[in-house]
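**Student:** quick one, fold the following:
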Amino acid sequence: MIDTRLFTHRLSQLIAQPSVSCTSPKLDMSNRGVVELLASWLKPLGFHIELMDVAEGKVNLIATLGSGPGGLVLSGHTDTVPCNPERWQQDPFALTERNNRYYGLGATDMKGFFPVVLAAIDGLGDELKKLRQPLIVLATSDEESSMNGARALAAAGRPKARYAVIGEPTNMKPIRMHKGIMMEAVRIQGLAGHSSDPSLGHNALDAMHEVLSELITFRRDLKAHYDNPGFAVNFPTLNLGHIHGGDNPNRICGHCELHFDLRPLPGMNIDELRGNLLQRLQPVADKFHTPLQLESLIEGIDAYEEPQQSELVALAEKLTGHKAESVAFATEAPLLQNLGMQTLVMGPGSIDQAHQPNEYIEINQIAPAVNIVRSLIRDLCF
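**Tutor:** This next block holds a predicted model:
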């Protein structure tokens with residue numbers, strides 16, 4: 001049984017603590033309040049609490065119960081995306097129960113996972129004294145912007161365990177693959193001049209036209225050479241997302257900038273892809289006598305794949321009754337996997353509710369999620 005009042009109280013407290021993570025400093029917030037709340041609930045249960053400072057106001061939580069060479073990490077991020085309160089039907093920072101749903105910013109992505117974990121731990125009671133391998137609750141910062149929280153953990157080589165489950169909203173279906181993501185900018189510096197005489201300058205838009213052609217060719221090549229049937233879109237994608245250049249029709253364009261994203265499949269190396277892009281684009285700069293820069297808008301996130309034969313995948317499939325699948329969105333999974341852990345993405349709620357007004361989690365998903373998380377702890381830590 002779940003203590004519904006306690007679950008609701010915890011989720012309400014987490015949602016009431018704003019922790020927006022954003023690349024815009026005007027919107028960015030600290031996550032310390034959320035982390036300290038989690039610590040205050042876990043410490044009385046016997047967990048050793050460690051707060052890792054990542055940046056000013058940005059903190060990771062590593063809460064550990066028990067010791068040993070194996071064990072299980074239950075991981076979630078503490079931040080949310082920004083929101084537009086005027087588009088919500090209720091206060092995004094106040095938990096609202098309606099239509100058998102809990103509404104609030106982060107209810108599904110992904111503050112709702114932490115009360116699930118705590119309810120699973122509460123239900124173990126005195127069994128916790130019999131842990132043979134450590135149980136680690138991990139709470140990270142800035143997943144929604146830079147993933148710097150998880151990157152700091154990876155750089156520190158922590159935490160160490162045998163298994164890791166990241167509770168992103170998947171309707172409690174096990175996810176063992178997702179694509180990576182690169183967000184890149186191409187900046188071309190031309191030379192402005194009077195449009196009546198093209199020889200007076202170097203038109204950055206002309207050069208960018210050829211860059212666009214080269215990127216479209218690269219996109220076709222990626223689709224032709226890479227395929228993974230485990231994804232609904234089974235090839236790498238390259239999206240031309242934003243372009244701006246020049247300032248007036250009667251002036252040679254002196255600068256042009258393009259932003260695009262590239263989503264590689266598992267097994268594709270981000271550094272190699274960027275090197276390939278540079279090799280393709282540099283001849284354009286040489287041809288038009290215009291300096292060209294390829295710069296990353298974010299630090300790339302690797303694609304992720306946990307082998308189908310993984311012990312953790314098999315256990316999750318058994319507990320949920322669902323075959324492990326793939327998703328289109330990126331997570332912290334590759335960073336935890338690189339620490340040597342079998343890693344899976346699985347949590348309550350639907351990604352369809354994330355990043356939009358009136359975010360909610362279905363109440364009927366809570367109890368099954370608690371039971372599955374409790375079973376994971378029993379199977380992997382006892």
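**Student:** ok but P82 is inside a helix, no?
**Tutor:** No - counting by DSSP: H, G, I helix; E, B strand; the rest coil, P82 is not part of a helix but coil.
**Student:** list the contacts of V116.
**Tutor:** With contacts taken as Cβ atoms under 8 Å, 6 or more residues apart in numbering, V116 has the following neighbours: G167, G347, P348, I366, A369, V370, V373. Where you see a C-beta, it was placed from the backbone N, CA and C, and this is true even at glycine.
**Student:** now it: which helix or strand?
**Tutor:** Using DSSP states H and E, V116 falls within helix 113-122.
**Student:** just the closest of the contacts of V116 to L65, please.
**Tutor:** The nearest member of the contacts of V116 to L65, counting by Cβ to Cβ, is V373 at 14.2 Å.
**Student:** wasn't that closest one part of a strand?
**Tutor:** No - going by three-state DSSP, the assignment for V373 is helix, not a strand.
**Student:** ok, it touching L72?
**Tutor:** No - in this structure, V373 is not within contact of L72 by Cβ atoms under 8 Å, at 9.6 Å.
**Student:** please name the nearest non-neighbouring residue to S196.
**Tutor:** With Cβ to Cβ, 6 or more residues apart in numbering as the criterion, S196 has its nearest non-adjacent residue at 7.8 Å, and that residue is N250.
**Student:** isn't the one you found right next to G193, touching?
**Tutor:** No - between N250 and G193 there is no contact under Cβ under 8 Å: 10.5 Å.
**Student:** who's more crowded, those two?
**Tutor:** The neighbour comparison of N250 against G193 (other Cβ atoms under 10 Å) goes to G193, with 17 against 7.
**Student:** and the more buried one, what does it touch?
**Tutor:** Counting by Cβ under 8 Å, 6+ apart, G193 makes contact with L200, G201, R251, I252.
**Student:** tabulate those residues in JSON lines, adding columns for distance to S310, secondary structure and neighbour count.
**Tutor:** Listed next are the contacts of G193 as JSON lines, based on distance: Cβ to Cβ, whole Å; DSSP: H, G, I helix; E, B strand; the rest coil; neighbours: other Cβ atoms under 10 Å:
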{"residue": "L200", "distance to S310": "63", "secondary structure": "helix", "neighbour count": "12"}
{"residue": "G201", "distance to S310": "58", "secondary structure": "coil", "neighbour count": "18"}
{"residue": "R251", "distance to S310": "59", "secondary structure": "strand", "neighbour count": "14"}
{"residue": "I252", "distance to S310": "57", "secondary structure": "coil", "neighbour count": "23"}
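**Student:** of those, just say which sits nearest to L278.
**Tutor:** G201 (24.9 Å).
**Student:** and Q309, how far from N234?
**Tutor:** Separation of Q309 from N234 (Cβ to Cβ, to the nearest Å) stands at 21 Å.
**Student:** more neighbours, the two?
**Tutor:** When neighbours are counted by other Cβ under 10 Å, N234 comes out ahead of the other of Q309 and N234, with 13 against 7.
**Student:** which SS class is that one?
**Tutor:** Under three-state DSSP, N234 comes out as coil.
**Student:** sorry, back to before: now for the contacts of G193: which two are most distant?
**Tutor:** Largest separation among the contacts of G193 by Cβ to Cβ: L200 and R251, giving 10.1 Å.
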